[in-house]
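**Student:** Take this sequence and fold it.
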Amino acid sequence: MTSSSITTIHSRDNTFVKDLRRLAQDTTAYRKQGRVWLEGDHLCRAAVERGQRASIAVFSESFWPLAQVEWVQAAMKIVVIADSLFADISGLESPARMGFIIDLPSPAALRPGAATVVLDRVQDAGNVGSILRSASAFGFRQVVAIKGSAALWSAKVLRAGMGAHFALDLIEGVELGELQSLEVPMLVTSSHAGDWLHRAALPWPCAWVLGHEGQGVSPALEARAAMHIRIAQPGGEESLNVAAAAAICLHASGAGR
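**Tutor:** Okay, here's the model as predicted:
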């Protein structure tokens, strides 16, 4: 890496800084820019370990002297910015000292026979990221997000996913009708009806449908379900958080196949 590959920026009005701020703070800016912001060494390391290559690596000025040993070959271009600018860009309470900009992966084609997680308007970024982690952990490689779900490559979903994005085929902005091409049985979670999860004979592969935090799964998808599944809650709570329910259901499928 030659010195000509390294750019240092101190101006808040720099075009690169403005674009990076939008990428970090606007949940859908990645769609307009065609690139994704990964903030923090954990996410960056997870991306590298799963074969991702950064187009630009960004470091705070105070961290750069320490970062050179590990990260100097991390990207084709390196940008070093003033600490105050990094703090202004960051979406974290305690700003990270580095991040990657990677090209937005091309949308995956829906695979009809793949083990799938369907997000039916799940809107909380933390929930969505947690579900992606569970999907990756338990062998569901395809995640389909119906329109109205949180933006899958937004900074908050990426942080909650903790690297799971790079092990999954992600398809977002899907219309309900497009799910007709799925050939695997569709399983719908319910808090009040259906087979008990711990007693059910779960098919594999299958598609688990996880619904909106307040409204649940849409009637259209309920009607198409091959099975309705509920989770026993001997403690007596009315319902589970959607991310918690997802982890339980996906584990039951993955461990039981």
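
**Student:** Look through the chain and tell me its longest helix.
**Tutor:** For the chain, the longest helix by residue count, based on DSSP state H, is helix 242-256.

**Student:** now that one: mean pLDDT?
**Tutor:** For helix 242-256, mean pLDDT is 94.

**Student:** C-alpha coordinates for it, PDB please?
**Tutor:** Taking Å, rounded to 0.1, in the frame of the first residue of the first chain, the C-alpha atoms of helix 242-256 are listed here in PDB:
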ATOM      1  CA  VAL A 242     -40.400 -11.800  17.800                       C
ATOM      2  CA  ALA A 243     -36.700 -12.200  17.900                       C
ATOM      3  CA  ALA A 244     -36.900 -14.500  20.900                       C
ATOM      4  CA  ALA A 245     -39.600 -16.600  19.200                       C
ATOM      5  CA  ALA A 246     -37.600 -16.800  16.100                       C
ATOM      6  CA  ALA A 247     -34.500 -18.100  17.900                       C
ATOM      7  CA  ILE A 248     -36.600 -20.800  19.600                       C
ATOM      8  CA  CYS A 249     -38.400 -21.900  16.400                       C
ATOM      9  CA  LEU A 250     -35.300 -21.900  14.200                       C
ATOM     10  CA  HIS A 251     -33.300 -23.800  16.700                       C
ATOM     11  CA  ALA A 252     -36.100 -26.400  16.900                       C
ATOM     12  CA  SER A 253     -36.000 -26.800  13.100                       C
ATOM     13  CA  GLY A 254     -32.200 -26.800  12.800                       C
ATOM     14  CA  ALA A 255     -31.500 -29.100  15.700                       C
ATOM     15  CA  GLY A 256     -34.300 -31.600  14.700                       C
END
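
**Student:** So for it, what gets flagged as buried?
**Tutor:** Neighbour-count burial for helix 242-256 flags V242, A243, A245, A246, A247, I248, C249, L250, A252, S253, G254 (criterion: 16 or more other Cβ atoms under 10 Å). The way it works is simple: take the backbone N, C-alpha and C, and place the C-beta from them, glycine included.

**Student:** Make CSV from those and add distance to L38 to it.
**Tutor:** What follows is the buried residues of helix 242-256, written out as CSV (distance: Cβ to Cβ, whole Å):
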residue, distance to L38
V242, 25
A243, 21
A245, 28
A246, 23
A247, 24
I248, 29
C249, 28
L250, 24
A252, 31
S253, 29
G254, 26
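
**Student:** Looking at these, which is nearest A54?
**Tutor:** Nearest to A54 out of the buried residues of helix 242-256 is A243 (Cβ to Cβ; 28.4 Å).

**Student:** Which residue is the nearest non-sequential neighbour of that closest one?
**Tutor:** In space, and not counting its chain neighbours, A243 is closest to S130: 3.9 Å by Cβ to Cβ, 6 or more residues apart in numbering.

**Student:** Pull the contacting residues for the one you found.
**Tutor:** A160, G161, A243, A246, A247 (Cβ atoms under 8 Å, 6 or more residues apart in numbering).

**Student:** Next one: I171, what pLDDT does it get?
**Tutor:** For I171, the predicted pLDDT is 97.

**Student:** again but with F63, I slipped
**Tutor:** On the pLDDT scale, F63 gets 95.

**Student:** Likewise for V209?
**Tutor:** We have a pLDDT of 97 for V209.

**Student:** picking that back up, I'd assumed the residue nearest to A243 was in a strand, is it?
**Tutor:** No. Using DSSP: H, G, I helix; E, B strand; the rest coil, the secondary structure at S130 is helix, not a strand.
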